[in-house]
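**Q** Please work out how this folds:
(one chain, ligands or ions: 2)
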Amino acid sequence: MIVPASDLLKQAKKEGHAIGAFNASTLEVTKAILQAAEELKTPVIIETSEGEANFEGYQIFADTVRDLADELAIDVAINLDHGKSLESVKYAIQSGYSSVHIDCSKMERKDNVALTREVVKFAHSRGVSVEGEFGHVGGSSEVHANELPKDGIVLTEPQEAIDYIKETGVDIFAGSYGNIHGMYKDAPHLDIERIRKIADGSGVPLSLHGGSGIPDDQIKAAIGAGICKINVNTELRKAYKESLERNLRGVNAEIVPYKYLPQVIADVKEVVKKKIVLFSASHHFE
Ligand code: G3H
Ligand code: ZN
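**A** Ligands and ions are numbered 1, 2, ... in the order given. Purely as a prediction, here's the structure:
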C-alpha cells in the first residue's frame, strides 16, 4: 500500500529503528529497492530528487511504484527528495507522490519558513506528509576524490530547529548534524547529542541525509538519538554503475538488456538489504 512517509516514521520512532529512504532514477533501481524491502518484510521510502524525476518523469515514477507496490505486502512511501519550489512539490503531489521534502535550507530563515508553510498547507490538505530542512546539508550524491571539506559546514542549532518545526508544522525534520551528501576519502562524524536535543525537543521524527559512507556504529548511535529516516543514494549509484560495467565488459558480453540487467538489480538489491538490516537493528527478521 502507498502511505505518507510520516505514517512509517511515527511507527519507526515508537519502535526505535529507522526506515531507509532510497533514491531511484531507473526501473532497475526501483525494482531493487522494492524487492529488497519486500524480501525483508519492511516498509520503505522510495524517492527521486527533482533531477532524477525530471529524467524519469514524475508521473511515470509514481505510477511505476504504485503498480509494483500493488503486488507487495509492504507499505511504501513515494517521496520527492530535496524539492526546491512550490511548483515541483505540487507537480509531485499531483503525480501521486505520497510525501515531499521541501528544501529551502539555502534561503534566509524567514523565506524558508514562509515557503515551507505554504507547502505544508498544500500537502496536508491532500494527505501528503512534509519534511522540512533547516541548516543546509552540503555535498552531492557522488563519489568524491577528496577528503571531507574542512570548513563551510554549518550545524543546525537545536533551539532554532525546534522553533522552525513549530512555526512550519512539518511532519519530519532534516538538519545538519555533521552529515554531508556523497562519499569522501574519510568518514563524517555525526554530532549525536545535537540529534538527541532536536529529537527530544521537537518530538518529530528526524531525517538523516547523506547516509552513504557513514560508519555503521554512527548510524546506530544516530538512530538511538532519534533518527527515524535515513537517505541513501550514492552507495546505490556506485553499485549500479559498477555492476553494469562488470556485466558489459568483454568481447562476448551479453547484449540483451533483459538478460544482463537482472544481475544489476540483484547487486543493487544486496546494498539496499544491508542498509535495511542496519537501520532496523531492533527489528527481528525471520
Ligand atoms: O537526499 C538524498 C540523500 O541525502 C543521499 O545522500 O548520496 O550521501 O547517500 P547520499
Ligand atoms: Zn539529501
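**Q** Close to ligand 1: what parts of this protein are there?
**A** On the criterion C-beta under 6 Å from any ligand atom, ligand 1 has as its neighbours in the chain the residues 23, 81-82, 141, 181-182, 209-212, 231-234. C-beta here means a position set from N, CA and C on the backbone, and glycine is covered the same way.
**Q** Give me the contacts around the lengthiest helix in the chain.
**A** The longest helix of the chain (DSSP state H) is helix 257-279. Surrounding helix 257-279, the residues in contact under the criterion C-beta atoms under 8 Å, 6 or more residues apart in numbering are 17-20, 22, 28-29, 31-33, 35-37, 39-40, 42, 44, 211, 216, 219-220, 223, 230, 232, 235-236, 239-240, 242-244, 247-248, 253-254, 285.
**Q** Pull out the buried members of these.
**A** Neighbour-count burial within these applies to 17-20, 22, 28-29, 31-33, 35-37, 40, 42, 44, 211, 219-220, 223, 230, 232, 235-236, 239-240, 243-244, 247; the criterion is 16 or more other C-beta atoms under 10 Å.
**Q** Neighbours of residue 139, how many?
**A** Look at residue 139: counted by other C-beta atoms under 10 Å, it has 20 neighbours.
**Q** Phi and psi next, for the spatially closest residue to it that is not a sequence neighbour.
**A** Taking C-beta to C-beta, 6 or more residues apart in numbering, and ignoring the residues beside it in sequence, residue 139 has residue 181 as its nearest neighbour in space, at 3.5 Å. Main-chain dihedrals, residue 181, degrees, to the nearest 10: phi -70, psi 140.
**Q** hmm, back to that, list just the nearest of the residues of the chain next to ligand 1 to ligand 2.
**A** Nearest to ligand 2 among those, counting by C-beta to the ion, is residue 209 at 3.3 Å.
**Q** Can you list which of the contacts of helix 257-279 are found in strands?
**A** With DSSP state E as the criterion, strands contain 19-20, 22, 44, 230, 232 from among the contacts of helix 257-279.
**Q** what does the stretch 151-286 of the chain have sitting close to ligand 2?
**A** The stretch 151-286 of the chain comes close to ligand 2 at residues 209, 231, as judged by C-beta under 5 Å from the ion.
**Q** give me the low-pLDDT residue ranges for the stretch 151-286 of the chain?
**A** 282-286 (pLDDT under 70).
**Q** Okay, helices next: where are they in this protein?
**A** Secondary structure of the chain (DSSP H): helices at 5-15, 27-40, 50-56, 58-70, 86-95, 109-124, 158-168, 192-202, 216-225, 234-248, 257-279.
**Q** okay if I get those helices as TSV plus distance to residue 175?
**A** Converted to TSV, the helices of the chain look like this (distance: least, C-beta to C-beta, whole Å):
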stretch	distance to residue 175
helix 5-15	15
helix 27-40	25
helix 50-56	21
helix 58-70	27
helix 86-95	20
helix 109-124	12
helix 158-168	5
helix 192-202	6
helix 216-225	11
helix 234-248	19
helix 257-279	18
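**Q** Next, the angle helix 216-225 makes with the longest helix of the chain.
**A** 60 degrees (axes from the mean of the first three to the mean of the last three C-alpha atoms, to 10 degrees).
**Q** C-alpha coordinates for helix 257-279, CSV please?
**A** As requested, the backbone C-alpha atoms of helix 257-279 are provided in CSV (Å, rounded to 0.1, in the frame of the first residue of the first chain):
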residue,chain,number,x,y,z
PRO,A,257,19.3,-5.9,-21.7
TYR,A,258,16.7,-8.2,-20.1
LYS,A,259,19.5,-10.8,-19.7
TYR,A,260,22.2,-8.7,-18.1
LEU,A,261,20.0,-6.2,-16.1
PRO,A,262,18.7,-8.8,-13.6
GLN,A,263,22.2,-9.1,-12.2
VAL,A,264,22.4,-5.3,-11.9
ILE,A,265,19.1,-5.4,-10.0
ALA,A,266,20.5,-8.2,-7.8
ASP,A,267,23.7,-6.3,-7.0
VAL,A,268,21.8,-3.0,-6.1
LYS,A,269,19.3,-5.1,-4.0
GLU,A,270,22.2,-6.5,-1.9
VAL,A,271,23.3,-3.0,-1.0
VAL,A,272,19.7,-1.9,-0.1
LYS,A,273,19.2,-5.1,2.0
LYS,A,274,22.4,-4.5,4.0
LYS,A,275,21.2,-0.9,4.8
ILE,A,276,17.7,-2.0,5.8
VAL,A,277,19.1,-4.6,8.2
LEU,A,278,21.4,-2.0,9.7
PHE,A,279,18.6,0.6,10.0
